[in-house]
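> compute the structure for the input listed below.
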Amino acid sequence: MKNLKGDHTGCSVLIYDADGNHLDSTFITNYDKTSLRMEIQRIHPELNAGSICKVMILTAPSPFEYHGRVKSDATGTYIALYLGQERENRGSERYKLSTTAMIENLICDGRAYPLYSPLEVNLVNISKSGVRFRSPFNSFSIGDRFQMRMKISETDKLLITVVVNKADIGTEASEYGCQFLIASSGR
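Numbering: from 1, shown residues only. Coordinates of the predicted model:
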């Protein structure tokens, strides 16, 4: 529960409907940790007052998933987070994500080494504990660590991940399941 109490103003967020469909990528404009009220840059048109949604807040050292309800009052529309519904177990729900990310640096012995040419990968899904992506066949091995830059709304997010599993898709591509190690704000 400690992550609900932090100040998440300015953090990037992924918004999903109650069925887990990705609706929007935006950022938090105001976060009230006392009332657990979160105002975001924009409320997706499918989310009316009373709608239940799921929110993935991209915070360091790893993202956190919360459940909320869209509410409206005289000050505007916001998301009220459900206290006690933070997901912290390894069985984190995975959410489909159809966008790209750039792998910029490999991590070895705690140091970042830039790739000669950053590698663009296709994100498949994301959870609070990791991300799955598709890239050219055999790009990485289990245990590889790297920095991945995701563009969420107008904000870049730099995530450090380690490959924990791999699945080949024919001879053209491979999918990699990665665990978040640490996250930091982008430029």
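> pLDDT below threshold where in the protein?
Along the chain, segments meeting pLDDT under 70 span 1-5, 60-62, 83-92, 152-155, 182-187.
> ignoring the adjacent residues along the chain, who's closest to the spatially most central residue of it?
Ranked by distance to the mean C-alpha position of the chain (CA atoms, centre = their mean), the top residue is Leu58 at 4.9 Å. Closest residue in space to Leu58, ignoring its immediate chain neighbours: Ser12 at 4.5 Å, by CB to CB, 6 or more residues apart in numbering. Where you see a C-beta, it was placed from the backbone N, CA and C, and this is true even at glycine.
> which positions within the host helix or strand of Ile103 qualify as buried?
Element membership for Ile103, per DSSP states H and E: strand 95-108. If you call a residue buried by 16 or more other CB atoms under 10 Å, then strand 95-108 has these buried ones: Tyr95, Leu97, Ala101, Met102, Ile103, Glu104, Asn105, Ile107.
> next up, the contacts around the fifth one.
It refers to Ile103. By CB atoms under 8 Å, 6 or more residues apart in numbering, Ile103 lies in contact with Leu115, Pro118, Leu119, Val121, Ser135, Phe146, Gln147, Met148, Arg149.
> can you list contacts of the helix or strand where the second one lies?
What that stands for is Pro118. Using DSSP H and E, the secondary-structure element containing Pro118 is strand 111-126. Applying CB under 8 Å, 6+ apart, the set of residues contacting strand 111-126 from outside is 14, 56, 63, 94-107, 131-135, 139, 147-148, 150, 175.
> that one to strand 95-108, inter-axis angle?
170 degrees (axes from the mean of the first three to the mean of the last three CA atoms, to 10 degrees).
> extract the CA atoms of strand 111-126 and return them as PDB.
Taking only C-alpha atoms (Å, rounded to 0.1, in the frame of the first residue of the first chain), the coordinates of strand 111-126 have been written out as PDB:
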ATOM      1  CA  ARG A 111      27.100   0.000 -16.500                       C
ATOM      2  CA  ALA A 112      25.100   1.000 -19.500                       C
ATOM      3  CA  TYR A 113      26.700   0.300 -22.900                       C
ATOM      4  CA  PRO A 114      25.000   2.000 -25.900                       C
ATOM      5  CA  LEU A 115      24.000  -0.100 -28.800                       C
ATOM      6  CA  TYR A 116      25.500   1.000 -32.100                       C
ATOM      7  CA  SER A 117      22.000   1.300 -33.400                       C
ATOM      8  CA  PRO A 118      19.000   1.300 -31.000                       C
ATOM      9  CA  LEU A 119      16.600  -1.600 -31.700                       C
ATOM     10  CA  GLU A 120      12.900  -0.900 -32.100                       C
ATOM     11  CA  VAL A 121      10.700  -3.700 -30.600                       C
ATOM     12  CA  ASN A 122       6.900  -4.300 -30.600                       C
ATOM     13  CA  LEU A 123       5.400  -4.400 -27.200                       C
ATOM     14  CA  VAL A 124       2.800  -7.200 -26.700                       C
ATOM     15  CA  ASN A 125       1.700  -6.700 -23.100                       C
ATOM     16  CA  ILE A 126       2.700  -5.100 -19.800                       C
END
